[in-house]
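# Below: sequence and its predicted model.
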Amino acid sequence: MIKPRTPPGIMELLPREQIAFQRMLDVIRRNYERFGFLPVETPVFELSDVLLTKSGGETERQVYFVQSTGALANAKADESGEGGLPELALRFDLTVPLARYVAEHEHELAFPFRRYQMQRVYRGERAQRGRFREFYQCDIDVIGKDALSIRYDAEVLAVIHAVFSELEIGQFAIQLNNRKLMRGFFESLGVAEGERQLAVLREVDKLDKRGEDYVRETLTGAEFNIPAAEVEKILDFVSYRSSGHADALAKLDTLAALATGADSALAQGVSELRDVLVLVKALGVPESAYCLNFSIARGLDYYTGTVYETLLKDHPQIGSICSGGRYENLASHYTKSKLPGVGISIGLTRLFWQLREAGLIAGIEASSVQALVALMDEQQLDDSLDIARRLRAAGINTEVQMEPKKIGKQFQYASKAGIRFVVLAGEEERARGVVAVKDLMREQQFDVARAELGDTLRVELEQAKVM
């Protein structure tokens, strides 16, 4: 016998956990659609030359390549090596497939193109707790043709707020910054060369994870050799966290006075952040939900403007639960058209795992099945099926016990499966035109007229939501 086992790096859930995970997916999808984003799905694998155009390095070492048995057979039959299918690879994120998709369908899409995508991606991560080789990403992006207003950066922040408000996983803070602002500040300190500046940005982005001493030691060390006085100015700058909307605007006013001209990177970054802050307030996002954090750079070098990271206030050890930013040209490898955009991604598999570990997932105890119609007598199956039909018509997810068993066994089954209501219709109940309902959550039993059963259970379920 082969021992059944899950491959390492895969999160496989039991049904009631899967229900809780699916509910989170539903909340995210619902909010993406409320803001006018359109669904897109791309194949789980892409042609490897298309997928790997912008990667290399660590990313390419984590890619899973795909080869069909048919292609292998063709390759053996064709000794010239020209047989078989083109090499395929599993997608490692949703951004590269989006770039290919937009470039391929550019003339069929309406711009700005607003898409959401919620699919699994694959990376050959080293097996360890909380790191997954297969995981869900839930992305939104707004893609412009030639140009894209900064106003969309504010709207994306409002989407983040809407999603995590409805997920109800605790208080959160959306931290934002602007790469232009950071570049401008570094240029004022003489760190102007492109690759060197990007390297410094990557180190600064580690401030909250590795600490101030680590960043100081790295920047003054042999690799960067930045004078200690300049490093202290950098650390002082990136340590800023706004304490409210007015404080953030005041800080931007201070930085604007340091800009050497309206076209400087610092001036552009200040202007863009100011526009985002003003619009975020107009969008109704409470100021307690967002702040400026000048240490956020995002490790990926294609971000060029606004960048976001979202943290749970009471559980900062979880790290960023949603991140993203603005980029200048999404599909430069696939088209000559300039396609700027802004977007964010929620790594839902890792987030769910961490929330479950911290005991922050609500509803795992509940099934998506809301009622079980019991069966005590083989002769009453038709009646049980009729009750279930009426409940389903009333919007109640209902299962029927298809084989008669002792009532205690049926209660045990419902309890173990997380089903709240057990509906019973014995001879006495049928004679009185009622059914008996056992509420396993409240540990109560009551009678209700058959015609009122659906409405009664709906009210009970709504009350439980409110409570």
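Good, I have the coordinates.
# All the strands of the stretch 101-250 of the chain, in order from the start?
In the stretch 101-250 of the chain, the segments counted as strands under DSSP state E, counting those that start in this stretch are 113-122, 134-143, 172-178.
# Relative to the whole chain's centre, how far out is the second one?
The reference is to strand 134-143. When distances are taken as C-alpha atoms, centre = their mean, to the nearest Å, strand 134-143 is centred 7 Å away from the chain's centroid.
# what's the closest of the strands of the stretch 101-250 of the chain to residue 391?
Closest of the strands of the stretch 101-250 of the chain to residue 391 is strand 113-122, at 30.5 Å (criterion: C-beta to C-beta). Yep, even glycine has a C-beta here, placed from its N, CA and C like the rest.
# which helices and strands does the closest one pack with?
Using 3 or more C-beta pairs under 8 Å, 6 or more residues apart in numbering; DSSP states H and E, the elements in contact with strand 113-122 are helix 15-34, strand 38-39, helix 95-104, strand 134-143.
# Pipe the strands of the stretch 101-250 of the chain into CSV and attach mean neighbour count, distance to residue 354 and mean pLDDT per row.
Shown next, in CSV, are these (neighbours: other C-beta atoms under 10 Å; distance: least, C-beta to C-beta, whole Å; pLDDT from 0 to 100):
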stretch, mean neighbour count, distance to residue 354, mean pLDDT
strand 113-122, 20, 18, 97
strand 134-143, 23, 12, 97
strand 172-178, 25, 13, 96
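# Can I get those strands in CSV including distance to residue 416?
What follows is these, written out as CSV (distance: least, C-beta to C-beta, whole Å):
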stretch, distance to residue 416
strand 113-122, 29
strand 134-143, 28
strand 172-178, 34
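# Go through the ones you listed and name the closest to residue 454.
That would be strand 113-122 among the strands of the stretch 101-250 of the chain, by C-beta to C-beta, at 32.0 Å.
# any residues touching that closest one, and which ones?
Applying C-beta atoms under 8 Å, 6 or more residues apart in numbering, the contact partners of strand 113-122 are 25, 28-29, 32-33, 35-42, 44, 64, 90-94, 98, 102, 133-143, 348.
# Kindly report the domain assignment for this protein.
45-90, 171-313, 371-466 (automatic domain parsing).
# where does the stretch 151-300 of the chain have low pLDDT?
192-193, 299-300 (pLDDT under 70).
# what's across from residue 326 in the sheet?
Beta-bridge pairing for residue 326 (DSSP bridges): residue 342.
# residues contacting it?
Residue 326 makes contact with 153, 179, 303-307, 340-342, according to C-beta under 8 Å, 6+ apart.
# please redo it, this time with the cut-off set to 7 Å
Contacts for residue 326 (C-beta atoms under 7 Å, 6 or more residues apart in numbering) come out as 153, 303-306, 342.
# Distance check, it against residue 14.
40 Å (C-beta to C-beta, to the nearest Å).
# Can you show me the helices along the stretch 301-450 of the chain?
With DSSP state H, counting those that start in this stretch as the criterion, the stretch 301-450 of the chain has helices at 348-357, 381-393, 407-417, 427-432.
# Neighbours of residue 186, how many?
Using other C-beta atoms under 10 Å, residue 186 has 24 other residues around it.
# Return the distance of the closest residue to it other than its chain neighbours relative to residue 203.
Leaving aside its sequence neighbours, residue 186 sits nearest to residue 197 (C-beta to C-beta, 6 or more residues apart in numbering; 5.5 Å). Residue 197 sits at a distance of 11 Å from residue 203 (criterion: C-beta to C-beta).
# that older thread, most neighbours per residue, which of the domains of the chain?
Comparing the domains of the chain by mean neighbour count (mean count of other C-beta atoms under 10 Å), domain 171-313 comes out on top with a mean of 17.
# measure that domain end to end?
6 Å (C-alpha to C-alpha, to the nearest Å).
# pretty sure residue 12 contacts residue 6?
Yes. If you go by C-beta atoms under 7 Å, residue 12 and residue 6 touch, sitting 5.0 Å apart.
# partners of residue 177 in the sheet?
Beta-bridge partners recorded for residue 177 (DSSP bridges): residue 307.
# returning to that earlier point: now render the domains of the chain as CSV, adding distance to residue 157.
Formatted as CSV, these follow (distance: least, C-beta to C-beta, whole Å):
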stretch, distance to residue 157
domain 45-90, 26
domain 171-313, 5
domain 371-466, 28
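# Just the closest of the contacts of residue 326 to residue 217, please.
Distances from residue 217 to those, taken by C-beta to C-beta, are shortest for residue 303, at 25.6 Å.
# Please list all residues in contact with the closest one.
179, 325-327.
# can you list those in TSV and add distance to residue 162?
Supplementary listing: the contacts of residue 303 in TSV, determined by distance: C-beta to C-beta, whole Å:
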residue	distance to residue 162
179	25
325	19
326	20
327	23
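# which two from these end up farthest apart in space?
Once C-beta to C-beta is applied, those give 179 and 327 as the farthest pair, at 9.8 Å.
# Now list whatever residues contact both of those two.
With C-beta under 7 Å, 6+ apart as the test, residue 179 and residue 327 both reach 303-304.
# who's in contact with the closest residue to residue 124 other than its chain neighbours?
Spatial nearest neighbour of residue 124, excluding adjacent residues (C-beta to C-beta, 6+ apart): residue 62 at 4.3 Å. Contact partners of residue 62, counting by C-beta under 7 Å, 6+ apart, are 92, 123-125.
# list the contacts for the nearest residue to residue 265 once chain neighbours are set aside?
Nearest non-adjacent residue to residue 265, counting by C-beta to C-beta, 6+ apart: residue 184, 3.6 Å away. Listed by C-beta under 7 Å, 6+ apart, the contact set of residue 184 reads 259, 264-266, 269.
# Please repeat the previous calculation with a cut-off of 10 Å.
Contacts for residue 184 (C-beta atoms under 10 Å, 6 or more residues apart in numbering) come out as 178, 255, 258-260, 264-270.
# Kindly format the C-alpha coordinates of stretch 37-46 as CSV.
Output of stretch 37-46 as CSV, limited to C-alpha atoms (Å, rounded to 0.1, in the frame of the first residue of the first chain):
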residue,chain,number,x,y,z
PHE,A,37,-13.1,45.4,-11.5
LEU,A,38,-13.6,42.7,-14.1
PRO,A,39,-12.7,39.0,-13.7
VAL,A,40,-9.8,37.5,-15.6
GLU,A,41,-8.4,34.0,-15.6
THR,A,42,-5.2,32.9,-17.3
PRO,A,43,-3.8,29.4,-17.8
VAL,A,44,-2.0,27.8,-15.0
PHE,A,45,1.0,27.4,-17.3
GLU,A,46,2.6,29.8,-19.8
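# Can you show me the strands along the stretch 251-400 of the chain?
Ranges of strands in the stretch 251-400 of the chain, per DSSP E, counting those that start in this stretch, are 290-292, 303-312, 322-327, 341-347, 371-373, 398-400.
# Partner strands of the first one, with direction?
Within its sheet, strand 290-292 is paired with strand 172-178 (parallel), according to DSSP bridges.
# Over to the last one?
Each strand paired with strand 398-400, and its direction, by DSSP bridges: strand 371-373 (parallel).
# Can you list the neighbours in contact with the strand it pairs with?
Residues from elsewhere that reach strand 371-373, judged by C-beta under 10 Å, 6+ apart: 381, 383-392, 394, 396-402, 410-411, 413-414, 417, 419-425, 435, 437-438, 440, 453-454, 457, 461.
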